[in-house]
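Undergrad: this is a predicted model, with the sequence first.
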Amino acid sequence: MKKINLILMILMFIATGSLFAQADRIGTAGATELLIPVGGRGLAMGSANLTNSVGVDAIFWNPANIARTSNSVDVMASHMTYIADIGIQYGAIGVSFEDFGSLAFSIKSLAIGDIIKTTTINPDGTGQTFSPQYTTIGLSYSKMLSDRVSVGANINYVTENIDLVSASGMAFDFGVTYSQLGGIDGFSMAVILKNIGADMKFDGSGLWTQATDASQRRGEQFYKIDAASFSLPTTLDIGLGYELAIDSQNALNLVGSFQNHNFYTDQYKVGAEYNYDNLLFFRGGYNYTTEYDASEVLYKFSVGFGLNYNLGGVGVMIDYAYLPAEFFDDTHLISLSLGIE
């Protein structure tokens with residue numbers, strides 16, 4: 001127990017010492033696809049579900065909870081219609097081993113579609129199109145250190161391809177969850193550091209251009225543009241959760257979180273889930289920031305539902321989330337999860 005407490009103290013020290021939000025850097029981060037959530041349950045609960053997501057559903061929210069599944073194998077697939085007609089596909093599989101812990105593999109891709117290619121000479125289009133490709137491939141590990149404490153980490157390989165240029169990099173997530181906090185049944189706390197890694201930089205043949213150097217007499221020559229590097233959108237998330245069993249068939253799950261972002265303002269998130277007989281779930285959430293008016297925040301409210309059914313040792317979970325947006329089309333996400341005991 002002393003070892004576990006030491007690990008928790010170290011993680012909490014690192015986390016609380018990383019309050020790095022800087023409003024003057026808003027909009028300058030790269031690889032922001034790392035911030036796009038997946039999974040209908042957490043999204044419907046206002047993206048505040050850091051303490052009690054389990055299995056592969058926890059990969060994005062908190063990798064420490066992957067090992068908290070009761071299944072030997074978890075599988076998940078989801079589709080989200082995002083802003084500007086972007087489609088987001090996600091798939092994950094996790095396997096639990098008794099003493100070793102849990103391993104998971106995930107992949108997320110953005111379907112942006114064809115974009116008309118323009119130039120300074122042809123601002124209305126050249127007749128050609130290109131289709132950007134954004135992909136994140138992840139490997140996760142999680143382990144229960146005791147009946148109350150779990151830890152986990154994600155290693156994400158990020159690739160971005162835009163016509164003739166591309167960038168790639170590695171991003172790391174670290175999380176810890178402590179349940180029965182203060183000896184209170186159902187009360188949990190989680191701390192997660194997300195998207196830690198080196199700067200990324202675009203390179204490729206698309207950066208070559210023809211120009212004339214005024215200081216030389218060579219005439220027009222080929223020069224390669226040196227693209228600026230960009231940082232990853234690192235965040236610190238601290239979450240609290242409380243599960244209340246009303247009776248044998250009804251339960252209520254309350255969650256809240258604080259997010260500190262190095263390229264955005266602080267965010268406060270709350271969510272709730274009503275559970276009827278572990279069969280039907282109704283969810284809602286709200287995001288709040290002190291820096292902007294409500295009209296300047298992309299998503300404020302979220303709602304959704306879930307349906308769980310056991311088919312001969314295989315748990316089937318269907319989750320739906322809906323996020324109304326003011327200036328873009330509303331976002332819809334549906335996910336399907338399978339749990340093999």
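TA: Okay, I see it.
Undergrad: after the helix or strand bottoming out on mean pLDDT in the chain, which helix or strand is next?
TA: Of all the helices and strands that make up the chain, helix 2-16 has the lowest average by mean pLDDT, DSSP states H and E, namely a mean of 52. Taking DSSP states H and E as the definition, the helix or strand that follows helix 2-16 towards the C-terminus is helix 40-44.
Undergrad: quick check: what element follows the helix or strand hosting V176 along the chain?
TA: Using DSSP H and E, V176 falls within strand 165-179. The C-terminal neighbour of strand 165-179 among helices and strands, as given by DSSP H and E, is strand 187-196.
Undergrad: parallel or antiparallel, which strands does that following strand pair with?
TA: Strand 187-196 pairs in its sheet with strand 165-179 (antiparallel), strand 235-245 (antiparallel), by DSSP bridges.
Undergrad: what's the helix or strand following the shortest one in contact with?
TA: Next along the chain after strand 235-245, taking DSSP H and E as the criterion, comes strand 250-261. Counting contacts by C-beta atoms under 8 Å, 6 or more residues apart in numbering, the residues outside strand 250-261 that touch it are 18-21, 45-52, 233-246, 266-277. C-beta here means a position set from N, CA and C on the backbone, and glycine is covered the same way.
Undergrad: over to stretch 310-321?
TA: The set of residues that contact stretch 310-321 without belonging to it, under C-beta under 8 Å, 6+ apart, is 39-41, 43-44, 71, 281, 283, 302-309, 331-341.
Undergrad: repeat that with 7 Å
TA: 39-41, 43-44, 302, 304-309, 333-341 (C-beta atoms under 7 Å, 6 or more residues apart in numbering).
Undergrad: likewise for stretch 331-341?
TA: Contacts to stretch 331-341, defined as C-beta under 7 Å, 6+ apart, come from residues 39-40, 43, 55, 57, 71-82, 313-323, 325.
Undergrad: for the record, mean pLDDT for it?
TA: Model confidence over stretch 331-341 averages 91 on the pLDDT scale.
Undergrad: so where's the stretch 51-200 of the chain uncertain?
TA: For the stretch 51-200 of the chain, no stretch is flagged by pLDDT under 70.
Undergrad: tell me where it has helices.
TA: 58-61 (DSSP state H, counting those that start in this stretch).
Undergrad: where along it do the strands fall?
TA: For the stretch 51-200 of the chain, the strands identified by DSSP state E, counting those that start in this stretch occupy 73-81, 87-97, 101-111, 115-116, 129-130, 133-144, 149-162, 165-179, 187-196, in order along the chain.
Undergrad: between these, which one is nearest to L298?
TA: Proximity to L298, assessed across the strands of the stretch 51-200 of the chain by C-beta to C-beta, is greatest for strand 73-81 (13.8 Å).
Undergrad: format the CA atom coordinates belonging to the strand holding V176 as PDB.
TA: Written as PDB, here are the backbone C-alpha positions of strand 165-179 (Å, rounded to 0.1, in the frame of the first residue of the first chain):
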ATOM      1  CA  VAL A 165       3.100  17.100 -47.500                       C
ATOM      2  CA  SER A 166       2.800  15.000 -44.300                       C
ATOM      3  CA  ALA A 167       3.700  15.000 -40.700                       C
ATOM      4  CA  SER A 168       3.900  12.300 -38.000                       C
ATOM      5  CA  GLY A 169       4.700  12.000 -34.300                       C
ATOM      6  CA  MET A 170       4.100  10.200 -31.100                       C
ATOM      7  CA  ALA A 171       1.800  11.200 -28.300                       C
ATOM      8  CA  PHE A 172       1.600   9.700 -24.800                       C
ATOM      9  CA  ASP A 173      -1.200   9.600 -22.300                       C
ATOM     10  CA  PHE A 174      -0.900   8.600 -18.600                       C
ATOM     11  CA  GLY A 175      -3.700   8.000 -16.200                       C
ATOM     12  CA  VAL A 176      -4.500   6.900 -12.600                       C
ATOM     13  CA  THR A 177      -7.800   6.100 -11.000                       C
ATOM     14  CA  TYR A 178      -8.500   5.700  -7.300                       C
ATOM     15  CA  SER A 179     -11.900   4.300  -6.300                       C
END
